[in-house]
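# Just need the structure, nothing else, for what follows:
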Amino acid sequence: MRGLIFCSMILAISCTSSCATDSPHQHADDEAQCAGYGYQKDTDKFADCMMKLDSRRRDRADSQKQSDSDMRERSIRRNGDTRFPVCSASMMDANLDTTNNAWYGPNCREK
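Numbers count the residues shown, from 1 in each chain. Down below sits the predicted model:
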(Lines give C-alpha, C1' and ligand atoms only; values in the text may rest on other atoms or scores of the structure.)
Protein backbone atom coordinates (compact mmCIF):
# COMPACT_ATOMS: atom_id res chain seq x y z
CA MET A 1 0.00 0.00 0.00
CA ARG A 2 2.83 2.40 0.84
CA GLY A 3 4.48 1.60 -2.46
CA LEU A 4 1.31 2.51 -4.34
CA ILE A 5 1.02 5.83 -2.53
CA PHE A 6 4.71 6.57 -3.11
CA CYS A 7 4.44 5.78 -6.83
CA SER A 8 1.32 7.94 -7.11
CA MET A 9 3.15 10.88 -5.50
CA ILE A 10 6.16 10.48 -7.80
CA LEU A 11 3.88 10.32 -10.85
CA ALA A 12 1.98 13.43 -9.78
CA ILE A 13 5.19 15.38 -9.17
CA SER A 14 6.69 14.39 -12.52
CA CYS A 15 3.51 15.30 -14.39
CA THR A 16 3.28 18.74 -12.84
CA SER A 17 6.95 19.49 -13.37
CA SER A 18 6.82 18.47 -17.04
CA CYS A 19 3.83 20.76 -17.63
CA ALA A 20 5.62 23.82 -16.25
CA THR A 21 6.54 26.65 -18.58
CA ASP A 22 10.03 28.12 -18.99
CA SER A 23 10.00 30.05 -15.72
CA PRO A 24 7.58 31.29 -13.07
CA HIS A 25 8.12 34.83 -14.35
CA GLN A 26 7.21 33.76 -17.90
CA HIS A 27 4.14 31.94 -16.60
CA ALA A 28 3.00 35.07 -14.76
CA ASP A 29 3.52 37.17 -17.89
CA ASP A 30 1.47 34.71 -19.93
CA GLU A 31 -1.31 34.75 -17.34
CA ALA A 32 -1.35 38.56 -17.36
CA GLN A 33 -1.46 38.61 -21.16
CA CYS A 34 -4.37 36.15 -21.34
CA ALA A 35 -6.20 38.04 -18.60
CA GLY A 36 -5.58 41.23 -20.59
CA TYR A 37 -7.34 39.61 -23.53
CA GLY A 38 -10.39 39.24 -21.27
CA TYR A 39 -10.20 35.53 -20.48
CA GLN A 40 -11.15 34.43 -16.98
CA LYS A 41 -8.64 32.29 -15.10
CA ASP A 42 -9.56 28.59 -14.68
CA THR A 43 -11.64 28.48 -17.87
CA ASP A 44 -11.07 26.52 -21.05
CA LYS A 45 -10.53 29.69 -23.09
CA PHE A 46 -7.86 30.86 -20.63
CA ALA A 47 -6.12 27.48 -20.86
CA ASP A 48 -6.27 27.64 -24.68
CA CYS A 49 -4.71 31.10 -24.57
CA MET A 50 -1.90 29.86 -22.31
CA MET A 51 -1.25 26.89 -24.62
CA LYS A 52 -1.13 29.12 -27.72
CA LEU A 53 1.38 31.49 -26.08
CA ASP A 54 3.57 28.55 -25.06
CA SER A 55 3.31 27.02 -28.53
CA ARG A 56 4.33 30.28 -30.20
CA ARG A 57 7.32 30.60 -27.87
CA ARG A 58 8.45 27.07 -28.67
CA ASP A 59 8.01 27.69 -32.41
CA ARG A 60 10.17 30.82 -32.19
CA ALA A 61 12.83 28.89 -30.26
CA ASP A 62 12.79 26.10 -32.86
CA SER A 63 13.05 28.65 -35.65
CA GLN A 64 16.02 30.31 -33.91
CA LYS A 65 17.76 26.94 -33.51
CA GLN A 66 17.26 26.23 -37.22
CA SER A 67 18.59 29.67 -38.14
CA ASP A 68 21.67 29.13 -35.96
CA SER A 69 22.21 25.71 -37.52
CA ASP A 70 21.96 27.15 -41.05
CA MET A 71 24.38 29.95 -40.19
CA ARG A 72 26.85 27.45 -38.72
CA GLU A 73 26.67 25.32 -41.88
CA ARG A 74 27.30 28.34 -44.13
CA SER A 75 30.32 29.36 -42.09
CA ILE A 76 31.78 25.85 -42.35
CA ARG A 77 31.15 25.68 -46.12
CA ARG A 78 32.98 28.98 -46.59
CA ASN A 79 36.26 27.62 -45.24
CA GLY A 80 39.04 28.50 -47.64
CA ASP A 81 36.99 31.25 -49.33
CA THR A 82 39.15 34.33 -48.74
CA ARG A 83 36.31 36.69 -49.65
CA PHE A 84 34.94 36.12 -46.16
CA PRO A 85 36.93 37.02 -43.03
CA VAL A 86 37.52 34.39 -40.36
CA CYS A 87 34.82 34.57 -37.69
CA SER A 88 35.95 35.95 -34.34
CA ALA A 89 34.59 37.23 -31.04
CA SER A 90 35.03 40.82 -32.19
CA MET A 91 32.26 40.43 -34.79
CA MET A 92 28.93 41.63 -33.42
CA ASP A 93 26.82 39.02 -35.22
CA ALA A 94 29.10 36.01 -34.61
CA ASN A 95 28.18 33.20 -32.22
CA LEU A 96 30.35 30.64 -30.46
CA ASP A 97 29.83 26.96 -31.24
CA THR A 98 30.76 25.48 -27.86
CA THR A 99 30.95 21.93 -29.20
CA ASN A 100 33.73 22.74 -31.67
CA ASN A 101 35.05 25.86 -29.89
CA ALA A 102 34.72 27.82 -33.12
CA TRP A 103 33.02 31.08 -34.05
CA TYR A 104 30.41 31.22 -36.82
CA GLY A 105 28.30 33.98 -38.33
CA PRO A 106 26.34 35.14 -41.36
CA ASN A 107 29.19 37.14 -42.95
CA CYS A 108 32.29 35.16 -42.06
CA ARG A 109 33.89 31.74 -42.33
CA GLU A 110 34.99 29.27 -39.71
CA LYS A 111 38.77 29.18 -39.07
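
# ok, residues contacting stretch 68-88?
91, 94-95, 97, 102-111 (CB atoms under 8 Å, 6 or more residues apart in numbering). For the C-beta atoms, the positions are set from N, CA and C on the backbone; glycine is no exception.

# Would you map the helices across the chain?
Taking DSSP state H as the criterion, the chain contains helices spanning 2-18, 24-36, 44-77.

# how about TSV for the ones you listed, with distance to residue 84 and mean pLDDT added?
Below are the helices of the chain laid out as TSV (distance: least, CB to CB, whole Å; pLDDT from 0 to 100):
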stretch	distance to residue 84	mean pLDDT
helix 2-18	43	50
helix 24-36	38	90
helix 44-77	8	89
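
# Using CSV, lay out those together with mean neighbour count.
Output for the helices of the chain, formatted as CSV (neighbours: other CB atoms under 10 Å):
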stretch, mean neighbour count
helix 2-18, 9
helix 24-36, 13
helix 44-77, 13
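
# a markdown table please, covering these and showing distance to residue 83.
Formatted as a markdown table, the helices of the chain follow (distance: least, CB to CB, whole Å):
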| stretch | distance to residue 83 |
| --- | --- |
| helix 2-18 | 48 |
| helix 24-36 | 42 |
| helix 44-77 | 13 |
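
# just the contacts of stretch 68-88 now: which is nearest residue 61?
Closest approach between these and residue 61, by CB to CB: residue 95, at 15.2 Å.

# Please list all residues in contact with that closest one.
68, 71, 72, 103, 104, 105.

# Please look at residue 103 and residue 90 and confirm they touch.
No - Residue 103 is beyond contact range of residue 90, at 9.4 Å (criterion: CB atoms under 8 Å).

# more neighbours, these two?
residue 103 (21 against 7; other CB atoms under 10 Å).

# Can you give me the distance of the residue nearest the centre of the chain to residue 85?
For the chain, the residue nearest the mean C-alpha position is residue 61 (3.8 Å; CA atoms, centre = their mean). Separation of residue 61 from residue 85 (CB to CB, to the nearest Å) stands at 29 Å.
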